[in-house]
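Colleague: everything below, folded, please.
(2 chains)
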Amino acid sequence: MAAKKLRRARLSQELCERLSRHQITTCQDFLCLSLLDLMKVTGQSYGNVQKLLCKVSLACAPKMQTAYEMKVRRAVNPSSAFLSTSLHGLDKVLHGGVPCGSLTEITSPPGCGKTQFCIMMSVLATLPISMGGLNGAVIYIDTESAFSAERLVEIAGNRFPAYFDSDEKLFSMTCSVYLYRELTCGSVLKRIKSLEEEIISKKVKLIIIDSVASVVRKEFDTKLQGNLTERSNFLARGASLLKYLAEEFSIPVILTNQITTRLSNGPAIQADLVSPADDLSLSEVLDSSLQSHPLVRLPKNRLESSRILLEICLAGASGGRKRESGCVTAALGNTWSHSVNTRLILQYHDLPTRQIRVAKSPVAPFSTFFYTIEKSGFVLQETDSE
Amino acid sequence: MQRDVGSLPLAPALRARLVAAGFQTAQEVLETGPCGLSKDSLLSPEFWLQCTTALGSFENLIVSSRNIEIGISKEEALEALQVVRQECHSDATRTAGAPGTSRKCTALELLEQEQAQGFIITFCSALDNVLGGGVQLTKITEICGAPGVGKTQLCMQLAVDVQIPECFGGLAGEAVFIDTEGSFMVDRVVDIAAACVQHCQLIAEAHQEEDHLKALETFSLESILSHIYYFRCRDYTELLAEVYLLPDFLSEHSKVRLVVIDGIAFPFRHDFEDLSLRTRLLNGLAQQLIIIANDHKAAVVLTNQMTTRIGQSQSTLVPALGESWGHAATVRLIFHWDNNQRLATLYKSPSQKESTIPYHITPHGFRDVQPPAVTQNPEGTEMNPRKRLRREEEK
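Modeller: Residues are numbered from 1 along each chain as shown, chains lettered A, B, ... in the order given. Alright, predicted model coming up:
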């Protein structure tokens, strides 16, 4: 919309030519100028310039819709509002499942099951609408080379044995999952930009990126100067492109993220503990550097452990430069947390049980479910959620 | 009348011609009349000199004088005169102190206006108390907070609450919702609106008054949703364009009392190499929003993100968009966490004290924190009984 040429905004030909001599060709350039600049550049009076501004704004501005129209549209096509995760408790809390038209993030320490969740969702998206799926293709962008087609077939066969009773059905399901291996940030961004045409031609109904964090953290070392802004720019651009695709085609987008243990000898980044749900207590410590810290063997109680983690951070802040401090949060920073609409956190509990937590959602309160990973994918345990 | 010609809002080329022709004040321009203007600007010696040097010789000048416009045509002159006359007229009325174009009034008139003005309640009585009654009209309120703390929930709640009929203590207005982040969920608004309608129905049942029941006929889920005007702006160009068009939209829909921009920070935080351009655009936006709030007696609510500022000894969370943006909003609320409790702090306000209160987000929307010993309330009124009493008094 911003790159819309002024010619298409119904301005007169000679005006467009005059403006292009000043390097103003798009609506964005036009709207960024102040009124006096516009008077100088177009040679028109104040009143006329305001009329021109209105004309250009009309060409750029979004269409109005009332909330009622939006509701009616969703009611007409209820299956297009959510993708059911086939985990009953989770679906109920999320009012149907993973929402269409917005970004959902799965965060966890390594080995908890992010890739398994993504593979399971790929199977679900290819199912027909009568079974709770979206009857469409899946685009899977894999940056860690962790996708396993055999596991895909295994989950499909074990979870829906009645449906996938013949090899043919399994075959057609695997044909609808399009896998792309991208190993750098630039190629991921390029791939996202090219997705628009693919979505239309292949009738795609789900986009999965596994994982955003690994490719970003490989390339951007935030200790180097300037890298933090570049990283935020890349993430923001990626997020806005994905949001545009999600909304335009009304499809869910699932992204995976890692967690980070922030250890620093200097200022403690306690500010990143933006919400208690974001702060993860590791009952099994996987990071060796944190393991050596004396306060680390934490009780399982989430509140207790978050309090202790906060103390670790505060100790680092007040105690001066020599102390070590650590905080455990989702990676990719604050700005990224603003961009995703729903956040699910997977964690270890008592092996083999793990827990899945709804940490950020516009429709659901904080809740926790316990699950195990079986041949058929995720299996929820029938215990009460928090 | 003595206004300098260079300051008139005419086209720059026209202005230059008038100055070159020797006009210095607006008075002179008005006295000359359109025909004189078009002739006079022909006769300036400087003009002849410029034209002859440009065209090479006097003969060429005579030949081409029919093809080139040396001076200004009579129509242009008439247009210019009209602009000048309008400017001088409005100048005169301003200095004479006539009402209409002037924005001057005494503090007593303002006090009466402010007391008669309503507030948009938030259904959380603690927050309403801290704000002095609720979100104020004709002011810009900014809500900052970390992701997931409840900014969009409050915006959706306000978009529903502004429509409460007057007999229940509301403003009976409509709402404009400008979304830049895509976090507006219709299903959630449906839940919030249903809870609000139910609450009003309970009040009506308790009081059994005529106007209550009449108002309830029009205050339904459908009407609430139809009066929330939703715009989805994908980048800052669309946002700028929409804010330029907003005054016209508000003149057409004169019942709008609330403009929400959910995520003023999002489109400005990435891909902006030129920070001075960003500051200029944000300031321009702030000015336009203040004018909109005043002219149309609407409340403007903006949501902002938090960013980490790395200081010398520690890093803190501060509102995004920089220091100068902090001056744009009149009232600033910061939402944050404390262990597991959401808190709202009133950070900047011209009339209220700085304070912090806890709040809750329930399936019915934005609410107070329930004190432990509370009487059994019927389904749907998950608010303090105190809140209902206050409404009765207000009536």
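Colleague: quick one: the strands in chain A?
Modeller: Using DSSP state E, the strands of chain A run over A:65-66, A:82-83, A:98-99, A:103-108, A:137-142, A:177-181, A:204-210, A:253-264, A:325-330, A:342-348, A:354-360, A:367-374, A:377-380.
Colleague: which other helices and strands contact the first one?
Modeller: When you say that, I think you mean strand A:65-66. strand B:228-232 (3 or more C-beta pairs under 8 Å, 6 or more residues apart in numbering or on different chains; DSSP states H and E). (Glycine included, C-beta is placed from N, CA and C.)
Colleague: quick check: can you name the pairing partners of the strand it packs on and their directions?
Modeller: strand A:65-66 (antiparallel), strand B:174-179 (parallel) (DSSP bridges).
Colleague: quick one: low-confidence parts of the chain?
Modeller: In the absence of a named chain, chain A is used. For chain A, applying pLDDT under 70 flags the ranges A:1-3, A:77-80, A:222, A:261-328, A:383-386.
Colleague: wrong one, I was asking about chain B
Modeller: B:1, B:40-71, B:91-103, B:271, B:371-395.
Colleague: from the centroid of it, which residue is nearest?
Modeller: The C-alpha lying nearest the average C-alpha coordinate of chain B belongs to residue B:289 (C-alpha atoms, centre = their mean; 2.7 Å).
Colleague: how many neighbouring residues does the residue nearest to residue B:11 when sequence neighbours are not counted have?
Modeller: Distances taken as C-beta to C-beta, 6 or more residues apart in numbering or on different chains put residue A:45 closest to residue B:11, at 4.8 Å, once the chain neighbours are dropped. A count of nearby residues for residue A:45, using other C-beta atoms under 10 Å in any protein chain shown, gives 20.
Colleague: the residue in the stretch 151-300 of chain A that chain B sits nearest to: neighbour count?
Modeller: With C-beta to the nearest C-beta, the shortest gap between the stretch 151-300 of chain A and chain B falls at residue A:236, namely 3.1 Å. Per other C-beta under 10 Å, the neighbour tally for residue A:236 reads 20.
Colleague: ok so, going back, please identify the most buried of the strands paired with strand B:228-232.
Modeller: For those, the largest average neighbour count (mean count of other C-beta atoms under 10 Å in any protein chain shown) is found in strand B:174-179, namely a mean of 24.
Colleague: what about that strand, distance to the chain center?
Modeller: 11 Å (C-alpha atoms, centre = their mean, to the nearest Å).
Colleague: tell me the helix or strand right after that strand.
Modeller: helix B:186-207 (DSSP states H and E).
Colleague: from the contact counts, what lies against the very next helix or strand once past that next one?
Modeller: Per DSSP H and E, the first helix or strand lying C-terminal to helix B:186-207 is helix B:210-218. Contacting helix B:210-218 under the criterion 3+ C-beta pairs under 8 Å, 6+ apart are the following elements: helix B:186-207.
Colleague: and the residue sitting furthest away from the middle of chain A, how far is that from residue B:362?
Modeller: The C-alpha centroid of chain A is most remote from residue A:45, which lies 47.3 Å away (C-alpha atoms, centre = their mean). Separation of residue A:45 from residue B:362 (C-beta to C-beta, to the nearest Å): 55 Å.
Colleague: residue B:291 too?
Modeller: From residue B:291 to residue B:362 the distance is 37 Å (C-beta to C-beta).
Colleague: those two: which is more packed in?
Modeller: Applying other C-beta under 10 Å to residue B:291 and residue B:362 shows that residue B:362 carries more neighbours, namely 17 against 12.
Colleague: so what's the more buried one bridging to?
Modeller: Under DSSP bridges, the beta-bridge partners of residue B:362 are residue B:365.
Colleague: before we move on, what about residue B:304?
Modeller: In beta-bridge terms (that is, DSSP bridges), residue B:304 pairs with residue B:144.
Colleague: same thing with residue B:332?
Modeller: residue B:142, residue B:348.
Colleague: just give the number of residues close to it.
Modeller: Residue B:332: 20 surrounding residues under other C-beta under 10 Å.
Colleague: can you pull the contacts of it?
Modeller: Counting by C-beta atoms under 8 Å, 6 or more residues apart in numbering or on different chains, residue B:332 touches B:141-142, B:144, B:319, B:326, B:346-349.
Colleague: please tell me which one of the residues you listed counts the most neighbours.
Modeller: residue B:144 (27 neighbours).
Colleague: to residue B:200, which of the strands of chain A lies closest?
Modeller: Closest to residue B:200 of those is strand A:65-66 (C-beta to C-beta; 20.7 Å).
Colleague: run the chain-centre distance for the closest one.
Modeller: Using C-alpha atoms, centre = their mean, the offset of strand A:65-66 from its chain centre is 26 Å.
Colleague: cool, and stretch A:10-29?
Modeller: 37 Å.
Colleague: let's see that stretch as CSV, backbone CA atoms only.
Modeller: The C-alpha trace of stretch A:10-29 is given here as CSV (Å, rounded to 0.1, in the frame of the first residue of the first chain):
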residue,chain,number,x,y,z
ARG,A,10,-5.7,9.6,-9.6
LEU,A,11,-3.5,12.6,-9.6
SER,A,12,-3.1,14.5,-12.8
GLN,A,13,-0.4,13.5,-15.2
GLU,A,14,1.5,16.8,-15.1
LEU,A,15,1.4,16.9,-11.3
CYS,A,16,2.9,13.4,-11.2
GLU,A,17,5.6,14.4,-13.6
ARG,A,18,6.4,17.5,-11.6
LEU,A,19,6.5,15.5,-8.3
SER,A,20,8.8,12.8,-9.9
ARG,A,21,11.3,15.5,-10.7
HIS,A,22,11.6,15.9,-6.9
GLN,A,23,11.9,12.2,-6.4
ILE,A,24,8.4,11.8,-5.1
THR,A,25,6.8,8.9,-6.8
THR,A,26,4.9,6.9,-4.2
CYS,A,27,2.1,7.7,-1.8
GLN,A,28,4.5,7.1,1.0
ASP,A,29,6.8,9.9,-0.1
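Colleague: could you list the buried residues of it?
Modeller: A:11, A:15-16, A:19, A:24-29 (16 or more other C-beta atoms under 10 Å in any protein chain shown).
Colleague: what's in contact with it?
Modeller: A:1-7, A:9, A:30, A:33, A:41-43, A:52, A:55-56, A:59-60, B:237, B:241.
Colleague: do stretch A:227-244 as well
Modeller: For stretch A:227-244, using C-beta under 8 Å, 6+ apart, the contacting residues are A:102-103, A:185, A:188-189, A:192-193, A:207, A:209, A:212, A:216, A:220-222, A:253, A:255, A:332-333, A:335-336, A:339-340, B:181-182, B:234-235, B:269-271.
Colleague: quick check: closest non-adjacent residue to whichever residue of the stretch 251-395 of chain B sits closest to chain A.
Modeller: Across the stretch 251-395 of chain B, the shortest distance to chain A (C-beta to the nearest C-beta) belongs to residue B:270, at 3.1 Å. Ranked by C-beta to C-beta, 6+ apart and with sequence neighbours excluded, the top spatial neighbour of residue B:270 is residue A:236, at 3.1 Å.
Colleague: interface residues of the stretch 101-250 of chain A facing chain B?
Modeller: A:101-102, A:232-233, A:235-237, A:240, A:243-244, A:246-247 (C-beta under 8 Å from any C-beta of the partner chain).
Colleague: on that earlier part again, identify the residues contacting the residue nearest to the centre of chain B.
Modeller: Counting by C-beta under 8 Å, 6+ apart, residue B:289 touches B:140, B:243, B:259, B:261, B:300, B:302, B:328.
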